[in-house]
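1. Structure, please.
(2 chains)
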Amino acid sequence: MGQLRIATWNVNSLAARMPRVLDWLGSAAPDVLCLQETKATEAAFPGAALEELGYASAADGDGPYNGVAILSRVGLEDVSSGFLDEPGFPDPERRSIAATCRGVRVWSVYVPNGRTLDSPHYAYKLAWLEALAAAVEEQLALGAPLALCGDFNVAPTDADVWDPSVFVGSTHVSRPEREAIGTLVALDLTDVQPRALKGEPYTYWDYRAGMFHKGEGMRIDLVMLSSALAEAVTDAYVDRDARKGSKPSDHAPVVVDLTLP
DNA sequence: ATGTCACAAACTTTGTGA
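-> The predicted structure follows:
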């Protein structure tokens, strides 16, 4: 039996968030942490500081937008950036990285936002999700347990937004986006449901208008596990406290605990 | 109040993306 704690966190700039990330690694002690929106080039990635805490890292980023990484203290092998036929806008962006950590194939993904339903960024988002599903299907065929983690920029159900009426006609809740999540579920991935804290399952709260303290959030950061891993889940929660205090990200980490056979 | 933040432009402020 082996315990494994996997987490995902959109940090909204690793440079801006590094003090909080270092604190959080110390307190939450994940074995594997997937990061999104690092906004860090590979040259600027703070690998040495993370290594001091015992975490190996794999990162992909090229500038002030996007950027993903995987930190692991249980091994980090076969690192791969992007995926087969990943769409771009127009060129591929730095939105996906994968590595094998203690036998688990871990993907850290940052799905395009989409902006508005009539935007070319929305069509790009749907194309990106479709290509992701195809790549995930190929990955699953290899047989290794898969943890697909990240900021999906989709709230899978109406229960995952504070007020569905506010989102009518918006991205993040549209039928095609939700169907794209459904496609991943149909590939036998489980969208792990975090324990509701304060009655809320949310992982993201806009910085504006005091939305965090008003409870106006969304669950858009997901951990999707292949069947063997899903069966091994012992706990899952959103670390809402990480959204509080000084200089927080607008996202909170999602933490999943597993007991592997 | 579309009320915040992070970033990079060539600025001591504005645009952009989220």
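2. Just want the phi and psi numbers for the residue of the stretch 101-250 of chain A found nearest DNA strand B.
-> Closest to DNA strand B within the stretch 101-250 of chain A is A:Y207: 3.5 Å, counting by CB to the nearest atom of the strand. C-beta: built from backbone N, CA, C; applies to glycine. A:Y207 adopts backbone torsions of phi -60, psi -30, taken as degrees, to the nearest 10.
3. neighbours around it, how many?
-> Here the number of neighbours of A:Y207 (other CB atoms under 10 Å) works out to 11.
4. is it true that it touches A:D250?
-> Yes: between A:Y207 and A:D250 there is a contact at 5.2 Å, judged by CB atoms under 8 Å.
5. Start and end of stretch A:39-54, how far apart?
-> 22 Å (CA to CA, to the nearest Å).
6. Sorry, wrong one. I was asking about stretch A:189-204.
-> Across its full length, stretch A:189-204 reaches 22 Å between end residues, using CA to CA.
7. contacting residues for the residue of the stretch 101-250 of chain A closest to DNA strand B?
-> A:D250 (CB atoms under 8 Å, 6 or more residues apart in numbering).
8. where along the stretch 151-261 of chain A do the strands fall?
-> Taking DSSP state E, counting those that start in this stretch as the criterion, the stretch 151-261 of chain A carries its strands at A:190-191, A:221-225, A:233-238, A:254-260.
9. most tightly surrounded among the ones you listed?
-> strand A:221-225 (a mean of 25; mean count of other CB atoms under 10 Å).
10. Check the offset of it from the chain's centre.
-> Strand A:221-225 has its C-alpha centroid displaced from the chain centroid by 7 Å (CA atoms, centre = their mean, to the nearest Å).
11. What of stretch A:59-78?
-> The chain centroid and the centroid of stretch A:59-78 are separated by 12 Å under CA atoms, centre = their mean.
12. ok, now stretch A:30-45?
-> For stretch A:30-45, the separation from the chain centroid amounts to 11 Å (computed by CA atoms, centre = their mean).
13. Report the buried residues of that stretch.
-> A:30-40, A:42, A:45 (16 or more other CB atoms under 10 Å).
14. Quick check: mean pLDDT of that stretch?
-> Average pLDDT, stretch A:30-45: 96.
15. Pull out the buried residues from the longest strand seen in chain A.
-> If each strand of chain A is counted by residues according to DSSP state E, the longest one is strand A:2-10. Of all the residues in strand A:2-10, those buried under the rule 16+ other CB under 10 Å are A:4-10.
16. Go through the residues you listed and say which is closest to A:L184.
-> Closest to A:L184 out of the buried residues of strand A:2-10 is A:T8 (14.7 Å), distances taken as CB to CB.
17. List the residues that contact the closest one.
-> Neighbouring residues of A:T8 by CB under 8 Å, 6+ apart: A:33-36, A:108, A:149-151, A:221-223, A:253-254.
18. what does A:Y237 give?
-> Applying CB under 8 Å, 6+ apart to A:Y237 gives the contacts A:194-195, A:197, A:254-255.
19. from those residues, which is closest to A:P112?
-> Nearest to A:P112, judged by CB to CB, of the contacts of A:Y237 is A:V254 at 19.6 Å.
20. got the residues of chain A near DNA strand B?
-> Among all residues of chain A, those adjacent to DNA strand B (criterion: CB under 7 Å from any atom of the strand) are A:12-13, A:15-17, A:37, A:39, A:63-65, A:112-113, A:115, A:121, A:207-210, A:247.
21. How many residues are close by A:L53?
-> Counted by other CB under 10 Å, the residues lying close to A:L53 total 13.
22. wait, doesn't A:D60 sit right on A:A69?
-> Yes: using CB under 8 Å, A:D60 is in contact with A:A69, at 7.3 Å.
23. list residues touching both of these two?
-> Among the neighbours of A:D60, those also in contact with A:A69 (CB under 8 Å, 6+ apart) are A:I97.
24. wait, which of the strands of the stretch 151-261 of chain A is closest to A:A131?
-> Of all these, strand A:221-225 comes closest under CB to CB, at 16.0 Å.
25. For A:A49, which three-state class applies?
-> Under the three-state scheme (DSSP: H, G, I helix; E, B strand; the rest coil), A:A49 adopts helix.
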